[in-house]
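Asker: Sequence and predicted structure, then a few things I'm wondering about:
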Amino acid sequence: GKYQVVETKAPYGYTLNTEPKDVTLAYEGQEVALVEESVSFVNERQQVQLDTIKVDADSKEAVAGAEITLYAAKDIVNYEGEVIVDAGTALETVTTTADGTVRFSIDLPIIEAMAVSDEEAIDPDFSQTVIDGYRIVGDVNGSFALVETKAPTGYASYPLAYMFDIVANSGEAIITFSYTFENEITKVEISKKDATTSEELPGAHLEVRDEEGNIVDEWISGEEPHIIEGLEVGKEYTLVETIHPLGFDFANEIKFVVGDTGEIQEIEMLDELKTGQVTVNKTGNLFNEVTEGESDFGTTHTPVFNEA
């Protein structure tokens, strides 16, 4: 008779071969107790597609220039149980593109591990598990970790590690993983104030210059502080007053270094009121003595004015 052999479940970590195989079993005589026929199935190893996305924490817009590194969080062993990659080894580093996305090219092995459900995974908004300064999300027992190793220019670093295992699925050719990293842009708030009243002082022309003297921002002070976003972490900048408000002196330049934080960093520049001394010189005749005399009416007193 004629038969078809179909693979219904692939070996762990391999794709399902859906091609049916035809088999014919023919009578070979009364002396043949068992008729045999063999067929073979070839299974491709499942591939892993690992993507990361980098966005602004506030606007959710794509951000380029972040370096994301994939680490082995545990020792990686081969089929004989031998360690072929030590825990802590950096496997690949990629840099996000203009659309904020990047795909790893490394061919990752399928780890025979228990999948973590959404209920068991660590919530990224509430995780308090910290290892080596990194807040852990995902599967804390995962074999791999995604870590941002360099923040985009103008953004604070993102001390978070997404840990995961690559568990074989139902036999599909590609297993996809994706994680979104969010960074807060740096924010520097600059106040121009009256040194006497500590109130905001309008009318000053201010510049912020980088280490090469290039102007990165300039404005006229108003009733509210001025906020600059996206200054580079760790860089030194100089705040310069180029025009002072009427009646005030120039303030000294202020140098500052942008910290690695998404919190507002405050800079305050004070202007002193101009002061001076006024001298008044009085000239003319001064009444400073009296002379006495006699008249038909008696003694007289006559004022005398002398030149000052």
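Answerer: Structure received. Quick caveat: nothing in here was measured; it's all calculated off a predicted structure. Residues are numbered from 1 along each chain as shown.
Asker: For the rest of this, base every contact and every neighbour count on C-alpha atoms.
Answerer: Noted.
Asker: Who are the packing partners of the helix or strand where residue 69 lies?
Answerer: Using DSSP states H and E, residue 69 falls within strand 67-72. With contacts defined as 3 or more C-alpha pairs under 8 Å, 6 or more residues apart in numbering; DSSP states H and E, strand 67-72 has these neighbours: strand 90-95, strand 144-150.
Asker: how about TSV for those, with mean neighbour count and mean pLDDT added?
Answerer: Shown next, in TSV, are those (neighbours: other C-alpha atoms under 10 Å; pLDDT from 0 to 100):
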stretch	mean neighbour count	mean pLDDT
strand 90-95	18	96
strand 144-150	22	93
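Asker: Just want the angle from the strand holding residue 69 to strand 90-95.
Answerer: Note on geometry: by axes from the mean of the first three to the mean of the last three C-alpha atoms, to 10 degrees, strand 67-72 and strand 90-95 are set 160 degrees apart in direction.
Asker: What strands line up against whatever helix or strand comes next after strand 67-72, and which way round?
Answerer: Downstream of strand 67-72, the first helix or strand assigned by DSSP H and E is strand 76-77. Strands that pair with strand 76-77, judged by DSSP bridges, come out as strand 83-85 (antiparallel).
Asker: contact partners of the strand holding residue 69?
Answerer: With contacts defined as C-alpha atoms under 8 Å, 6 or more residues apart in numbering, strand 67-72 is touched by 52, 85-96, 143-152.
Asker: mind running it again at 7 Å?
Answerer: 87-96, 143-151 (C-alpha atoms under 7 Å, 6 or more residues apart in numbering).
Asker: Kindly report the same for stretch 226-234.
Answerer: Residues outside stretch 226-234 that contact it (C-alpha under 7 Å, 6+ apart): 153-156, 185-191, 257-260.
Asker: Separate out the buried members of those.
Answerer: 153-156, 185-188, 190-191, 258-260 (16 or more other C-alpha atoms under 10 Å).
Asker: Nearest to residue 137 among these?
Answerer: Checking the buried ones among the contacts of stretch 226-234 against residue 137 by C-alpha to C-alpha gives residue 156 as the nearest, at 18.9 Å.
Asker: and the strand holding residue 69 with strand 144-150, angle?
Answerer: With the same axes, to 10 degrees defining the directions, strand 67-72 sits at 150 degrees from strand 144-150.
Asker: low-scoring pLDDT stretches of the protein, where are they?
Answerer: 12, 111-128, 167-172, 276, 278, 280-288, 301, 305, 307-308 (pLDDT under 70).
Asker: please redo it, this time with the cut-off set to 90
Answerer: Along the chain, the model assigns pLDDT under 90 to residues 1-3, 5, 7-19, 21-49, 74, 76-81, 107-143, 158-179, 274-308.
Asker: and residue 265, how far is that from residue 156?
Answerer: 12 Å (C-alpha to C-alpha, to the nearest Å).
Asker: With residue 241 instead?
Answerer: 27 Å.
Asker: what about the strands in the stretch 151-300 of the chain?
Answerer: 160-164, 174-183, 187-194, 205-209, 215-220, 226-229, 236-243, 254-257, 264-271, 285-295, 298-307 (DSSP state E, counting those that start in this stretch).
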